[in-house]
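**Q** structure, please.
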Amino acid sequence: MELQKLSNGNHHHDFAPLEEGVPPEEETFLPHKSDGTKKTQFTDFEGKTSFGMSAFNLSNAIMGSGILGLSYAMSNTGIVFFLILLTCIALLSSYSIHLLLSSAGVVGIRAYEQLGFRAFGHPGKIVAAVVITLHNIGAMSSYLFIVKYELPLVIQAFLGQTSPSDDWFMNGNYLIVIVSAGIILPLALMKHLGYLGYTSGFSLMCMVFFLSSVIYKRFKITCPLEAFANSSANSTIPDDMCEPKLFTINQETAYTIPILAFAFVCHPEVLPIYTELRNPTKRRMQNIGNLSILAMFIMYLLTGIFGYLTFYGYTEAELLHMYSKVDPLDTLILCVRLAVLVAVTLTVPVVLFPIRRAILQLLFPEKPFHWVRHVAIAVCLLFTVNLLVILCPTIRDIFGIIGATTAPSLIFILPSLFYIRIVPIEQEPMTSRPKIQAAIFCSLGFVFMAMSLTFIGLDWTSGEKRSIGH
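**A** Now for the predicted structure:
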């Protein structure tokens, strides 16, 4: 086992003191079996989730609504540059998971917030919990925004209507409340995250169907000069609009780099999934992380390439809208819209679990599991997210700021700082290569954050709207 009890005397002197009156083992270590004398905490149970289900859950946590904009990102970088960026970010994300698991293995903690406490005391715990909460609320909101705007179009198509009606069931605000109460809430009330492996697997199958449709359409649609030229105010069409580009540098190229980085954010879910893994070891969980990242890398790459090679220079930020411009009554694209809606809906409960865990770690760290508290937090979170999606029509910019600050923190900054602070100096001095690498990795996170905020600020000042998403 990679986890070590603090009572062995090897490392307890290297860390900040625990809360007063709480023994080290009760505060941080997650035993596999209770000895009958220690109070059960909400994380104290033997992991029962299989390797495959854990990989489904983590893959589902990685996959986000940003997959719809990857072809647009490729149009602003070129095929080769996109491949280089995507490969680098996937490798960096895997390294970040390694840092998290190494830190967790040293002190026997499988909670992101408790790693923050061990590294920096209460301030570290609070910062980690707040960052996770803000980031995942933003992710949940982006998914429900897709439901709000896409579900009415699907219903309209099934009813055979050519234009939207004023019926209540065509109102996106009513629909997200119904979906949240009828589908998302029951799944979010499950006690353990591992049980969502089945819905995560189905969600991933929906996105595989989306990818298959994108590949199929590539060979059915020629470069849509007429469809887009007729709707364009410009009568002159550049000759290279239907030619693939290997390298492209334009005003939006640097803006797409952080978007690609956000596409691999899954780090709040790594430790909860690790907690519920059957026979948990660092190597086993790292393999799950590597497999999930590889699967999403392949999906992202194929989606980006085949979507881009369908529309070339005409590619816009939302890929599904492009197909609708070519043929608004396309049955296959209607089914794809429905599959994407199912996928993002089933992803919301997976994203909700780390928020609830962060709140429990922050407000009720010593309390045993209680159903009332478990249900109440889920209901309050869904109510808050629904309210944000209903009342804030420009919430994309708000969560763009949140994503620009929290995503680099979760991928680069916090895992590096945890590793540097938690791994004992006796084991790895500050001048050792692993800690120097972690310090450089942390610096890279601040660079990403500065770039993201800069380009979002340029968006606001220029009045242009670009797509930001996980």
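**Q** give me the neighbour count for Ser94.
**A** 17 (other CB atoms under 10 Å). Bear in mind the C-beta positions are built from the backbone N, C-alpha and C, glycine included.
**Q** measure it to Thr275 for me?
**A** 20 Å (CB to CB, to the nearest Å).
**Q** SS state for Pro186?
**A** helix (DSSP: H, G, I helix; E, B strand; the rest coil).
**Q** same check, this time on Asn279
**A** Asn279 is classified as coil under three-state DSSP.
**Q** for Leu115, see how far away it is.
**A** 22 Å.
**Q** how about Ala128?
**A** Taken as CB to CB, the span from Ala128 to Leu115 is 7 Å.
**Q** point out where the stretch 151-300 of the chain drops to low pLDDT.
**A** 162-164, 193-195, 197, 224-240, 251, 254-255, 258 (pLDDT under 70).
**Q** which residues in the stretch 51-200 of the chain form helices?
**A** 51-62, 70-75, 79-107, 112-158, 172-179, 185-188, 197-218 (DSSP state H, counting those that start in this stretch).
**Q** of these, which stretch is the most buried?
**A** The highest average neighbour count among these, using mean count of other CB atoms under 10 Å, belongs to helix 70-75 at a mean of 26.
**Q** other SSEs contacting it?
**A** helix 253-262, helix 282-311, helix 319-326 (3 or more CB pairs under 8 Å, 6 or more residues apart in numbering; DSSP states H and E).
**Q** try 6 Å
**A** helix 282-311 (3 or more CB pairs under 6 Å, 6 or more residues apart in numbering; DSSP states H and E).
**Q** out of the helices of the stretch 51-200 of the chain, which is closest to Leu352?
**A** Nearest to Leu352 among the helices of the stretch 51-200 of the chain is helix 185-188 (4.9 Å), distances taken as CB to CB.
**Q** mind giving me the packing neighbours of the closest one?
**A** helix 331-363.
**Q** list the buried residues for the helix it packs on?
**A** Within helix 331-363, the residues scored as buried using 16 or more other CB atoms under 10 Å are 333-334, 336-362.
**Q** as a whole number, average confidence for it?
**A** Averaging pLDDT along helix 331-363 yields 85.
**Q** one more: stretch 458-470?
**A** Here the average pLDDT along stretch 458-470 is 57.
**Q** equivalent analysis for stretch 81-95, please.
**A** On average, stretch 81-95 scores 92.
**Q** make residue 1 into 52 and carry on from there
**A** Renumbered: residue one is now 52, and that last one reads stretch 132-146.
**Q** how about Tyr200, nearest residue that isn't a chain neighbour?
**A** Gly223 (6.0 Å; CB to CB, 6 or more residues apart in numbering).
**Q** who's in contact with the one you found?
**A** 199-200, 203 (CB atoms under 6 Å, 6 or more residues apart in numbering).
**Q** please apply the same query to His372.
**A** By CB under 6 Å, 6+ apart, the contact list for His372 is empty.
**Q** what's the spacing between it and Ala490?
**A** 43 Å.
**Q** swap in Ala124?
**A** In terms of CB to CB, Ala124 sits 29 Å off from Ala490.
**Q** how about Ser343?
**A** 27 Å.
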